[in-house]
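J.: My questions concern the predicted model and sequence given below.
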Amino acid sequence: MAPFIPEAKLLEIKDAASIADVIGQYIRLNQRGRYLVGLCPFHAEKTPSFTVYPERNIFHCFGCGAGGNVFTFLMQHLRLTFPEAVAELAQKYGIPLQWKKEISPAQGQLSRQRQTFYEVNELAAKFFESKLAHLQQGESARQYLARRGLPESVAKAYRVGYAPDDWRLLVRALSDQRGNLEAALQLGLIAERTSGGHYDRFRGRVMFPIFDMQGRVIAFGGRVIGEGEPKYLNSPESQLYSKGRNLYGLYQAREAIRKQNIVILVEGYMDLLALRARGVEPVVATLGTALTREQVRLLKGYTSRVMLVFDADTAGLKAMQRSLPHFAGERLSARVLVLPAGEDPDSYAAKYGVEVFTSPWEQGQPLFAFILDQATLGLGDALEAKLAAFESLKPYFQGEVDSVERNLWLQMAAKRLGVPESALEASLKTYRQAALPTIVVRQQEEALNLEKRFIKLLLTYPEVLARFDLEEYLDQFVHPEMQTIAQYIHSCYQQVGYLDHSLLIMQIEEENICRRICSLALAAEEYQLENLESELADYTRSFQKIQLKREHQNLKEKMEHSYKTGKGGDYLALQAQLQDLRQRLKKLESTH
Ligand SMILES: [Zn+2]
């Protein structure tokens, strides 16, 4: 079990273990101004770009983008889990660690509740594991797993368990071990009877615990054995678990993914375990949803190549097509392997061998090529049909696609459709103008630059948080990554009343967000402290200005709509609003 470590304890360890000392034990560091630099252990380099910033207790590599705090460094360098890294440092610096409850008042209700949730999930996971091992009760589940060719070692590594077909076994086990039934209820492990009392929610199911990146159980998926509805029953969203933010098996596969620089994404628990059983390690599974941007970001922390494996006749295909913008936006390469209808990775490997999964990249088709295939399937020679097909592809060219990638797509589409590239380019241009007026694009760029500079300021001079109500502006961030960072900064500051970079990083699971913070923190030396007050006033004004401009744009669109259709509100009233907005904007600009 991954123990819960109180934040106060983490801070104590972090303060004792100077980052320069710890990293200095593994890498030769040289002083350079306020920084220490050395050769990066995470990528091959001849000139040092690995930078340690002792004042902030963080490190960042300008070469490969690695970054984090003293714990993250040990985790990545020695391939430790988070608790292991903490224990390692605690021991080295003589700080007693008790894994039992040790709650400081500062941790607050929320932390206590989360801890209770982790404990109850852990009790349940142990219960399900023990039932799978139970001579009589676990028999049918063991048979099922054996039929699916799942060796015990793999089941153990993923802590697969069994919920017997009974209404009260888990309730009773939890009560016996003084588990918190209220927490179990909220976690969806048990349910309430109308007549009072509780009953087990998972019955007659093989249980798959879902882990966070620290190895703690945050949810369960249960597959029914034999017939029965629903086939899959999952934990509801909770304080610990959000299905769009987690991936099944990432915790177990993270090292293999990093080492092989590839991740194979499959649809279900059993698909994943079947591949694991055949020795394919870097596999994760979506949790029954279309891939989200958060999940793609999560993967980005470990690899630059994603291999999507899908069954030809599932709804997963459509979902996969929709994931292209996420990959393009995060600059991750994605390829596709579509299995023949009716085959899952297991049956496919049984028929054709496992090679396709052990060296999948070469066998996969680039995601856009696959989408192009789908769009042009059975397409005749008629120009209208070709244009219609291209029309359906246009949205993919819209998002934040890298220009090289975009040109590649255009070439592919032109070749496939037998239409000159220039014609497609021209058609895209008119589309782009219609979809996103340049003024909006400009506003977005302006906002992104502002947000980046502002986050840098916050990271350099966190004391401004005392004078600037960040919460008020959180919704206004345009760039999702900057917004996420701002949110973390805000909640971290709220919790302890100051901003500690290392603590901030500890609270973030998305590795790329950590890296981004470290890189922004290190790139943030351009501010002069004496100008802080006026800097801050500038930012407040700029945020307000962007907000007003956005409202202005919306209002103009509304008026246009109202003018054209005669619907959507009183044109004159809208005009009055617009006047007012313009005046406010003018006033704001004159004070600048
Ligand atoms: Zn590096």
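T.: Arrived safely, thanks for sending. This is a predicted model, so every value here is computed, not measured.

J.: now the helices: where do they sit in the stretch 101-250 of the chain?
T.: Ranges of helices within the stretch 101-250 of the chain are 108-133, 139-147, 152-157, 169-176, 181-186, 250-260, based on DSSP state H, counting those that start in this stretch.

J.: In contact with the one residue in the stretch 151-300 of the chain that gets nearest to the ion, which residues?
T.: The minimum distance from the stretch 151-300 of the chain to the ion, using Cβ to the ion, falls at residue 258 (13.1 Å). Heads up, the C-betas are built off the backbone N, CA and C, glycines and all. For residue 258, the contacting residues are 302, 303, by Cβ atoms under 8 Å, 6 or more residues apart in numbering.

J.: ok, now with 10 Å
T.: Going by Cβ atoms under 10 Å, 6 or more residues apart in numbering, residue 258 touches 42, 76, 79, 282, 301, 302, 303.

J.: want to try TSV for the helices of the stretch 101-250 of the chain, with distance to residue 67 and mean pLDDT as columns?
T.: Shown next, in TSV, are the helices of the stretch 101-250 of the chain (distance: least, Cβ to Cβ, whole Å; pLDDT from 0 to 100):
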stretch	distance to residue 67	mean pLDDT
helix 108-133	25	88
helix 139-147	41	95
helix 152-157	29	95
helix 169-176	41	95
helix 181-186	35	95
helix 250-260	15	89
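
J.: Name the spans of the stretch 251-400 of the chain whose pLDDT lies under the cut-off.
T.: For the stretch 251-400 of the chain, residues meeting the criterion pLDDT under 70 lie at 288, 313-314, 399-400.

J.: Now do the strands for it: every range, in order, please.
T.: Counting by DSSP state E, counting those that start in this stretch, the stretch 251-400 of the chain has strands at residues 263-266, 283-285, 305-311, 333-339, 365-366.

J.: Single out the most deeply packed of those.
T.: When these are scored by mean count of other Cβ atoms under 10 Å, the highest mean neighbour count falls to strand 263-266 (a mean of 28).

J.: Pull up the pairing partners for that one, direction included.
T.: Strands that pair with strand 263-266, judged by DSSP bridges, come out as strand 283-285 (parallel), strand 305-311 (parallel).

J.: Quickly list the domain ranges of the chain.
T.: 7-92, 111-241, 253-373, 381-435, 440-590 (automatic domain parsing).

J.: average pLDDT across the longest one?
T.: For domain 440-590, the per-residue pLDDT values average out at 79.

J.: Tell me the gap between stretch 472-487 and the middle of its chain.
T.: Distance of stretch 472-487 from its chain centroid, counting by Cα atoms, centre = their mean, to the nearest Å, is 16 Å.

J.: let me fix that: stretch 177-195
T.: In this view, stretch 177-195 has its centroid 29 Å away from the chain centroid, taken as Cα atoms, centre = their mean.

J.: one step back: and the strands of the stretch 251-400 of the chain as JSON lines, adding distance to residue 374?
T.: Shown next, in JSON lines, are the strands of the stretch 251-400 of the chain (distance: least, Cβ to Cβ, whole Å):
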{"stretch": "strand 263-266", "distance to residue 374": "18"}
{"stretch": "strand 283-285", "distance to residue 374": "23"}
{"stretch": "strand 305-311", "distance to residue 374": "12"}
{"stretch": "strand 333-339", "distance to residue 374": "10"}
{"stretch": "strand 365-366", "distance to residue 374": "11"}
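
J.: now for these, which one comes closest to residue 292?
T.: strand 263-266 (12.4 Å; Cβ to Cβ).

J.: Tell me the residues on the protein that lie near the ion, please.
T.: For the chain, the contact set with the ion under Cβ under 5 Å from the ion comprises 40, 42, 43, 61, 63, 64, 66.

J.: Could you pick out which of those are located in helices?
T.: Using DSSP state H, no member of those sits in helices.

J.: Please check those residues and keep the buried ones.
T.: Among the residues of the chain next to the ion, the ones that count as buried by 16 or more other Cβ atoms under 10 Å are 40, 42, 61, 63, 66.

J.: mind checking how far the first one is from residue 59?
T.: What that stands for is residue 40. Going from residue 40 to residue 59 by Cβ to Cβ, to the nearest Å gives 10 Å.

J.: need the strands paired with strand 263-266 in a markdown table with distance to residue 233, can you?
T.: Converted to a markdown table, those look like this (distance: least, Cβ to Cβ, whole Å):
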| stretch | distance to residue 233 |
| --- | --- |
| strand 283-285 | 16 |
| strand 305-311 | 21 |
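
J.: Please enumerate the helices of the stretch 301-450 of the chain.
T.: Going by DSSP H, counting those that start in this stretch, the stretch 301-450 of the chain shows helices at 316-322, 324-329, 345-352, 355-358, 360-363, 367-375, 383-398, 403-417, 421-435, 438-460.

J.: by contact count, what packs against the third one?
T.: This points to helix 345-352. Helix 345-352 makes packing contacts with strand 263-266, helix 269-277, strand 305-311, strand 333-339, helix 355-358 when contacts are defined by 3 or more Cβ pairs under 10 Å, 6 or more residues apart in numbering; DSSP states H and E.

J.: Parallel or antiparallel, which strands does the fourth one pair with?
T.: For strand 333-339, the paired strands and their directions (DSSP bridges) are strand 305-311 (parallel), strand 365-366 (antiparallel).

J.: and the first one with helix 269-277, angle?
T.: What that stands for is strand 305-311. Counting by axes from the mean of the first three to the mean of the last three Cα atoms, to 10 degrees, strand 305-311 lies at 120 degrees to helix 269-277.

J.: Just the angle for strand 305-311 relative to helix 367-375, thanks.
T.: Going by the same axes, to 10 degrees, strand 305-311 makes 30 degrees with helix 367-375.

J.: roughly how far out does strand 305-311 sit from the chain middle?
T.: Here strand 305-311 is found 17 Å from its chain centre; the criterion is Cα atoms, centre = their mean.

J.: what's residue 148 in contact with, if anything?
T.: Neighbouring residues of residue 148 by Cβ under 10 Å, 6+ apart: 206, 270, 273, 274, 277, 346.
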